[in-house]
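> what would the 3D arrangement of this be:
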Amino acid sequence: MPVESPYDRLLADPVWGPECRVISGLSGSTRARPAVVGGAVRDLLLGRRIKDLDIATAIPDSARTLAKEFAGVTRRTLVEYTHKQTIYRVVGPGQPQVDFTDPIGGTREADLRRRDFTINALALGLVGNEKGVLDDPTDGLADLESKIVRMGNPDVFDDDPLRLLRAFRFAAQLGFEIDSATLRSIEIRPLKLRDVAGERIQLELLETLDPDGAAEHADRMDSAGLLRPLFPELALQKGLEQNDYHHLDVWEHTLEALRQIERILRIEERFLLPYADRIREYAGYEYPSGHTRRMLIKLAVLLHDIAKPHCRGVREDGRITFIGHERRGGDLCREHLEYLRFPRYERAFICALIEGHLRPAVFSREDASRPRVAYRFFRDCEDAALGIMMVSLADRLAAQGRLVTDEVNARHRAAIAYLLECLFTRTEMVVRPPQLLDGATLIHELGIEPGPLVGHLLKRVQEAQVMGEISTREAALEYCRAILDGSDVSGRSDGSG
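Now for the predicted structure:
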């Protein structure tokens, strides 16, 4: 049986095969000599799904004409924009996006040699005697076979410092190693990341952490000096001793927490099994940016103890403390994530995970107010609640010092199990009780003015529902009247937890 060629596999692709057939049949293709280049060829050779189609012509000043013809034939729109080179992007509702570019340097070989890594410096011809021919001037095919990420030329990182991170992203996603010369070139340039726009760094960082092995990927980036320009506090975690609940310094604890969050996301904790589909659906949720909750959760784990170096204290008895590190950590991360231009709602989610990661420990204590505290947790944390549970569990399992007994771990697991039960099977009893009253009713029935008092009373009513103290509209009104007649409404039960 003949071996299927990369070109045959390309044409057989249900998304990109038809696109390539159209391109090769265009009247301008003979002059332009288009080829599929870069990541699409790499993924084609590796048997991975092709995400993007980049078409490079072999003749200068031919890409725009070819792109315009392609847009006309496929009834799409041509969008032109320039970063380091002009890209002619053809887009259409519900249709694949295709990019066309002219060769930088005037020839295809020159264009391929200036690309970032050898595994991306590949071209697959689409027309004439170049059809199906693989152009590989930097021996990228050999590096693919050897599973090596190697810089395409000595200037790649100076041309675009984002490639410093991109080398680690490719290594993480493909399971490759960065070759020693490329790594040395990275290690002398980490501060160049400060010249890169924050929004360009986001995706490289998240996609490096996304595959399993995030602890190792983060540790390698850190060893190359790339995390310090982004999150300088992480460097201060190394060698920072913790209390006897911990067996590792803060940095090694962070790495272990990354390993544990991956176990949790793979549902390797048996008590999570009844909720496996819900957890996977939650983690797989994709924001408009293309980032998934899984990515943001792992970034939050990387940063969950970022403020410990600033909050470390030692009591008279010698016990080490980190009081308030979760709140300070949220403040620090808010600044870093703003610099990296994360969308507002993603910043809020990550910071909520960091600020809330100690809260589930409250539920390890058995007491009569447990449903009320659970209600407040879900009310305050909203859609971050499940993420906070996962980060909290990862944090607990990554801290196994001499004071951590099987009972401590069992209590924490039981606390998370209780919260999961509330979230998924007791929603109306604990998380979102049926609304007995609204603000307008309170104002009308009780003769009070609109303002914070109305919200306070509504919260108190829901807490009373959770505790089984009231269940009807009339009882709720009487409960509110009793508060107004003689109870302190200034905030002792304001939900601060």
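> how is the protein divided into domains?
Here the domain parsing of the chain from automatic domain parsing is 6-146, 231-431, 439-486.
> what's the end-to-end length of the second one?
Domain 231-431 has its terminal residues 35 Å apart, counting by C-alpha to C-alpha, to the nearest Å.
> related to what we said a few turns ago, including mean neighbour count, could the domains of the chain go into TSV?
Placement of C-beta: from N, CA and C, glycine included. Compiled in TSV, those are given as follows (neighbours: other C-beta atoms under 10 Å):
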stretch	mean neighbour count
domain 6-146	18
domain 231-431	18
domain 439-486	16
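> any idea how far residue 152 is from residue 85?
15 Å (C-beta to C-beta, to the nearest Å).
> where are the low-confidence patches of the chain?
Scanning the chain for pLDDT under 70 picks out the ranges 1-3, 364-369, 487-497.
> mind running it again at 80?
Low-confidence segments of the chain, defined by pLDDT under 80: 1-4, 83-84, 362-369, 486-497.
> residue closest to the middle of it?
residue 295 (2.1 Å; C-alpha atoms, centre = their mean).
> nearest spatial neighbour of that one, chain-adjacent residues omitted?
Leaving out its chain neighbours, the residue that sits closest to residue 295 by C-beta to C-beta, 6 or more residues apart in numbering is residue 206, at 4.2 Å.
> quick check: that neighbour touching residue 291?
Yes. If you go by C-beta atoms under 8 Å, residue 206 and residue 291 touch, sitting 5.8 Å apart.
> returning to that earlier point: and the residue nearest to residue 295, that one's in a helix?
Yes. Counting by DSSP: H, G, I helix; E, B strand; the rest coil, residue 206 is located in a helix.
> count of neighbours near it?
If you count neighbours by other C-beta atoms under 10 Å, residue 206 ends up with 22.
> quick one: it from residue 297, how far?
11 Å.
> same deal with residue 200?
Distance of residue 200 to residue 297, given as C-beta to C-beta: 22 Å.
> then residue 174?
23 Å.
> check which element follows the longest helix anywhere in the chain along the chain.
Assignment by DSSP state H gives helix 406-425 as the longest helix of the chain. As assigned by DSSP states H and E, the chain's next helix or strand after helix 406-425 is helix 439-446.
> after that following helix comes which helix or strand?
helix 452-466.
> helices or strands up against that following helix?
The contact analysis (3 or more C-beta pairs under 8 Å, 6 or more residues apart in numbering; DSSP states H and E) places helix 452-466 against helix 370-381, helix 439-446, helix 473-486.
> contacts for it?
371-372, 374-376, 379, 429-430, 433-434, 436-439, 442-443, 448, 470-471, 476, 479-480, 483, 489, 491, 493-495 (C-beta atoms under 8 Å, 6 or more residues apart in numbering).
> just the CA coordinates of it, formatted as CSV?
The C-alpha coordinates for helix 452-466 follow below in CSV (Å, rounded to 0.1, in the frame of the first residue of the first chain):
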residue,chain,number,x,y,z
PRO,A,452,-28.5,49.3,51.2
LEU,A,453,-31.0,48.3,53.9
VAL,A,454,-33.2,46.6,51.3
GLY,A,455,-30.3,44.5,50.0
HIS,A,456,-29.2,43.6,53.5
LEU,A,457,-32.7,42.4,54.4
LEU,A,458,-32.9,40.3,51.2
LYS,A,459,-29.6,38.6,52.1
ARG,A,460,-30.8,37.9,55.6
VAL,A,461,-34.0,36.4,54.3
GLN,A,462,-32.1,34.0,52.0
GLU,A,463,-29.8,32.9,54.8
ALA,A,464,-32.8,32.2,57.0
GLN,A,465,-34.3,30.1,54.1
VAL,A,466,-31.1,28.1,53.9
